[in-house]
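**Q** Any chance you can model this:
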Amino acid sequence: MLKAKCIECSDKGFATFYFEGKKPKPNDYYHLEEQTGKSLELNGLFHAIIPEFYYWMFNRDQFIFNDGGVELDFRSANWYKLKDLLKQNYGEGNVYKFVNDKYEMEEEKDFYSIPEYVINDFNDGNTKRVKLVLKSWRDYTPKQGQLLIDRIFKLMDKLGVDTKKYLQIREYLDKKETDKLNNDNYIKNVKNKFC
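**A** Below you'll find the predicted structure:
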């Protein structure tokens, strides 16, 4: 993989990059990916495992599971709704939006962090003063996204999801992790031996 840092960018869309490690070849095309947000691999992984989970449940005609006395309910009309359900229950799902006393919109992650006068007004019947909004996947940080994906993998493994595509994804990730560990160990061994 080529690592590049953008040095400058013109108004006409031309950019100058500094490359680390491998050098790019002239006249070849390269895909650039912004590294400040979630990677394309993380996005692709998230959007690949949710449909597999949904179709596995759909083919079994089972959306409710018992996990040691705790009922896990994944009833949803389609995999898009399942995605929202998983974000809400296992991710950074909800944000409470409310109107403050200056009629400005604010948000809090926790209901009890909302000012008391807003909660009192809400409890007195003004239910439109506070709104629960599901956080969009694009607003997740890379760390939050990875944590959600890890939780979904653990859940799918625990329930026994065994679709062909899901097993291929798991195999790919296991191989990638093994390759990374082997590479790290190789580098450490070389450093220990020659440095």
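**Q** Distance of Asp73 relative to Tyr103?
**A** For Asp73, the distance to Tyr103 equals 38 Å [C-beta to C-beta, to the nearest Å]. Yep, even glycine has a C-beta here, placed from its N, CA and C like the rest.
**Q** The two: which has the busier surroundings?
**A** Legend: neighbour count by other C-beta atoms under 10 Å for Asp73 and Tyr103, higher for Asp73 (10 against 6).
**Q** quick one: the more buried one and Glu116, what's the gap?
**A** Going from Asp73 to Glu116 by C-beta to C-beta gives 33 Å.
**Q** so which strand or helix has Phe65?
**A** Phe65 belongs to strand 64-67 when elements are defined using DSSP states H and E.
**Q** Relative to the helix or strand that that strand is followed by, what are the paired strands and their orientations?
**A** Following strand 64-67 in sequence order, the next helix or strand is strand 70-73 (DSSP H and E). Taking DSSP bridges as the criterion, strand 70-73 pairs within the sheet with strand 64-67 (antiparallel).
**Q** and the most centrally placed residue in the chain, what is it in contact with?
**A** Closest to where the C-alpha atoms of the chain average out (C-alpha atoms, centre = their mean) is Gly145, at 2.5 Å. Neighbour list for Gly145: 38, 42-43, 46, 137 [criterion: C-beta atoms under 8 Å, 6 or more residues apart in numbering].
**Q** what do you get for Asn66?
**A** Here Asn66 is in contact with Leu72 (C-beta under 8 Å, 6+ apart).
**Q** Please report the distance of it from Thr163.
**A** Distance, Asn66 to Thr163, using C-beta to C-beta: 21 Å.
**Q** what about the helices in the chain?
**A** With DSSP state H as the criterion, the chain has helices at 40-60, 79-90, 116-123, 142-159, 164-194.
**Q** List the buried residues for the first one?
**A** Of the residues in helix 40-60, 42, 45-46, 49-57 count as buried by neighbour count, 16 or more other C-beta atoms under 10 Å.
**Q** Need these in CSV (columns: distance to Glu92 and pLDDT).
**A** Below are the buried residues of helix 40-60 laid out as CSV (distance: C-beta to C-beta, whole Å; pLDDT from 0 to 100):
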residue, distance to Glu92, pLDDT
Leu42, 14, 83
Leu45, 17, 90
Phe46, 13, 91
Ile49, 17, 94
Ile50, 16, 94
Pro51, 21, 94
Glu52, 22, 95
Phe53, 19, 96
Tyr54, 21, 96
Tyr55, 25, 95
Trp56, 25, 96
Met57, 24, 95
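**Q** Asp179: which of those residues is nearest?
**A** The closest of the buried residues of helix 40-60 to Asp179 turns out to be Leu45 (C-beta to C-beta; 16.7 Å).
**Q** Tell me the predicted confidence for the closest residue to that closest one other than its chain neighbours.
**A** Counting by C-beta to C-beta, 6 or more residues apart in numbering, Ile149 is the residue found nearest to Leu45 once chain neighbours are left out, at 5.9 Å. As predicted, Ile149 sits at a pLDDT of 93.
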